[in-house]
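> take a look and give me a structure for this.
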Amino acid sequence: MAEVSPPAARSAPGLVVAAPAGGSGTSTVTLGLLAALRARGVAVAAVKAGLDPVAPAWHAAVTGRPSFHLDSWAMGPDLLDRIIRRAGEGAELVLCEGRMGLFDGAAERGAAGTGATADIAAHTGWPVLLVLNGRGLAQSAAALVRGFAAHRPDVRIAGVVLNTASVARDRRLAADAVAALGIPVLGALPDDPDIALPAPGAGDPSGVAPPDPTAPAVARRLDTLGRLIAANLDLDRLCALATPAVCRAGGPGPALPPLAQRIAVAHDDAFGLLYPHVLEGWRAAGAELMVFSPLADEAPPRYADAVYLPGGAPERHAGALAAARRFRDGLRSVAARGPVYGEGGGYAILGEALDTDNGTFPMAGLLGLRTSARGTRRDDGGYRRARLLADHPLGAAGTVVAACEGAHVTVTDAGLDDPLFAAAEADGAVPVRCGGRRGTVSGSFLHVLA
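Purely as a prediction, here's the structure:
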């Protein structure tokens, strides 16, 4: 009998906001569009191409809706489709904020692509709004747009925005040259430093704690940015460009199996690197999630079956975490009956000690590693394909998971714990054993995604 394809379901209309290179203003334009459209009364939602840990927090602050990551290297087609449908629930328009340059990704293909924004555009069929850095650019904009429009036949450049185009004559020449290609220029934004938003990680050496998007000063800038976008871009024409994604209905279960039935999830300024699709998948699988704050010296709820310590910037709060006796005692209590699992900075907290510029602080002592946040930030992050070396709540021994590495501390003493993973970089390098496990306690600097 021939295999029957699952039925297709149309999501809310969507549009990808991308650029030829990072630093072109993709985030600024996306946030401004979200603010401008919401001010018009449009039920707008957002997603982020790639694994930027802080973009969804900005999106949610502007739209009032949850935002999710879409990553073609780490996620298969079924998972991408489930996230797309979830993001578009109740929305009239979905904007996908791109990463880096439109076609930039890993050298090796993952579950559904290289992790490039173009993969998401091709998978969804969403047209691309190309943001050009217009500083010093006139008719040459047409050559740039022509190249991007022709590079992949399954990716359609539907419109262009000129950003930071400071000279009116250059803006006019660039717009006329691009329009001659049959691709509309929807507007040009002036070079206005007054609407610049705090960069992700501003004032935070870890780079994973966003400025508070609900703070009055930031909220005012978001409002100003929305007004600037509304005044300079053709929003009606932009909305008309959006098309629905065709998503397959059904599909398998969550991205990752839940750690247990009742999971205590650490979440505060020290543990902010949460991937929403993982948590939503656990809930959909029937798990109960209970949020608690280690920084407030809260213990995991006493009826929790497992504890999840996500990444973040615990090194900035090492002193407070060292003094959080109820938190540490609660971890030990849960570890006596069920899994305690840490990723990134959460892994460092499970070790013996964390060394910072302000001194060395004792940590939970549930694993033997000692870590340091002194010196320069690590720059060895990126995609990883990791194989579990023993049975774990995330899968049986030998299970291969997609992950990204992200931590800004280094291991100074690995201790005597057994490694958790054998992990290889996306270019297929020889796997390296990493992480640690001792009884019910485990962790690594990998953030497991699917």
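> how close does R227 get to R220?
11 Å (C-beta to C-beta, to the nearest Å). Every residue, glycine included, has its C-beta placed from N, CA and C.
> so between these two, which is more surrounded?
Neighbour count, other C-beta atoms under 10 Å: between R227 and R220, R227 has more, with 15 against 10.
> and whichever strand or helix holds that one, what's buried?
Assignment of secondary structure by DSSP states H and E places R227 within helix 216-232. Using 16 or more other C-beta atoms under 10 Å as the test for burial, helix 216-232 gives V218, R221, L222, L225, G226, L228, I229, A230, N232.
> pLDDT on that helix, on average?
Mean pLDDT, helix 216-232: 89.
> immediately after that helix, which helix or strand?
helix 235-241.
> quick one: list the elements packing against the helix holding R227.
With contacts defined as 3 or more C-beta pairs under 8 Å, 6 or more residues apart in numbering; DSSP states H and E, the secondary structure elements packing on helix 216-232 are helix 26-39.
> from the chain's centroid, how far away is the helix it packs on?
Helix 26-39 sits 18 Å away from the centroid of its parent chain (C-alpha atoms, centre = their mean, to the nearest Å).
> can you pull out the helices in this protein?
With DSSP state H, the ranges of helices along the chain come out as 26-39, 55-63, 77-87, 117-124, 140-151, 168-179, 216-232, 235-241, 276-284, 318-322, 325-335, 345-349.
> looking at the ones you listed, which is buried most?
Stretch with highest mean neighbour count among the helices of the chain: helix 345-349 (a mean of 30; mean count of other C-beta atoms under 10 Å).
> hmm, back to that, pull the CA atoms of the helix holding R227 into CSV?
Presented in CSV, the C-alpha positions along helix 216-232 are these (Å, rounded to 0.1, in the frame of the first residue of the first chain):
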residue,chain,number,x,y,z
PRO,A,216,10.2,52.6,30.6
ALA,A,217,13.3,53.9,28.7
VAL,A,218,13.4,50.8,26.4
ALA,A,219,9.6,50.8,26.0
ARG,A,220,9.7,54.4,24.9
ARG,A,221,12.4,53.6,22.3
LEU,A,222,10.3,50.7,21.0
ASP,A,223,7.3,53.0,20.6
THR,A,224,9.5,55.6,18.8
LEU,A,225,10.9,52.9,16.5
GLY,A,226,7.4,51.7,15.7
ARG,A,227,6.3,55.2,14.8
LEU,A,228,9.4,55.7,12.6
ILE,A,229,8.7,52.4,10.8
ALA,A,230,5.0,53.4,10.3
ALA,A,231,6.0,56.8,8.9
ASN,A,232,8.6,55.5,6.5
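> what's the angle from that helix to helix 55-63?
If you take axes from the mean of the first three to the mean of the last three C-alpha atoms, to 10 degrees, helix 216-232 sits at 70 degrees to helix 55-63.
> I'd like to know which of the helices of the chain is closest to V131.
In terms of C-beta to C-beta, the element of the helices of the chain nearest to V131 is helix 26-39, at 5.1 Å.
> so for the closest one, mean pLDDT?
When the per-residue pLDDT values of helix 26-39 are averaged, the result is 96.
> tally of neighbours for the closest residue to G88 other than its chain neighbours?
In this structure, G88 finds its nearest non-sequential neighbour in A12, 3.5 Å apart by C-beta to C-beta, 6 or more residues apart in numbering. Other residues near A12 come to 20 when the count uses other C-beta under 10 Å.
> what pairs with the longest strand along the chain, parallel or antiparallel?
What stands out as the longest strand in the chain, according to DSSP state E, is strand 8-18. Sheet neighbours of strand 8-18, with direction, are listed as strand 93-97 (parallel), strand 128-133 (parallel), strand 243-248 (antiparallel) (DSSP bridges).
> worst mean pLDDT among these?
Taking each of the strands paired with strand 8-18 in turn, the lowest mean pLDDT turns up on strand 243-248, with a mean of 86.
> could you pull out the strands in the stretch 351-450 of the chain for me?
Counting by DSSP state E, counting those that start in this stretch, the stretch 351-450 of the chain has these strands, from start to end: 353-356, 359-362, 370-372, 382-388, 400-405, 410-413, 421-425, 432-434, 436-438, 441-444, 446-448.
> possible to save the ones you listed as CSV with mean neighbour count?
Written out in CSV, the entries for the strands of the stretch 351-450 of the chain read as follows (neighbours: other C-beta atoms under 10 Å):
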stretch, mean neighbour count
strand 353-356, 20
strand 359-362, 14
strand 370-372, 21
strand 382-388, 21
strand 400-405, 21
strand 410-413, 15
strand 421-425, 21
strand 432-434, 16
strand 436-438, 21
strand 441-444, 26
strand 446-448, 24
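> dump the longest strand of the chain to PDB, keeping only the CA atoms.
Output in PDB follows, covering the C-alpha atoms of strand 8-18 (Å, rounded to 0.1, in the frame of the first residue of the first chain):
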ATOM      1  CA  ALA A   8      -1.400  20.000   4.900                       C
ATOM      2  CA  ALA A   9      -2.600  22.800   7.000                       C
ATOM      3  CA  ARG A  10      -2.200  26.500   6.300                       C
ATOM      4  CA  SER A  11      -0.600  28.700   9.000                       C
ATOM      5  CA  ALA A  12      -1.000  32.500   9.400                       C
ATOM      6  CA  PRO A  13       0.500  34.500   6.500                       C
ATOM      7  CA  GLY A  14       4.200  35.100   7.100                       C
ATOM      8  CA  LEU A  15       7.200  37.100   5.900                       C
ATOM      9  CA  VAL A  16      10.900  36.600   6.600                       C
ATOM     10  CA  VAL A  17      12.900  39.800   7.500                       C
ATOM     11  CA  ALA A  18      16.500  39.100   6.400                       C
END
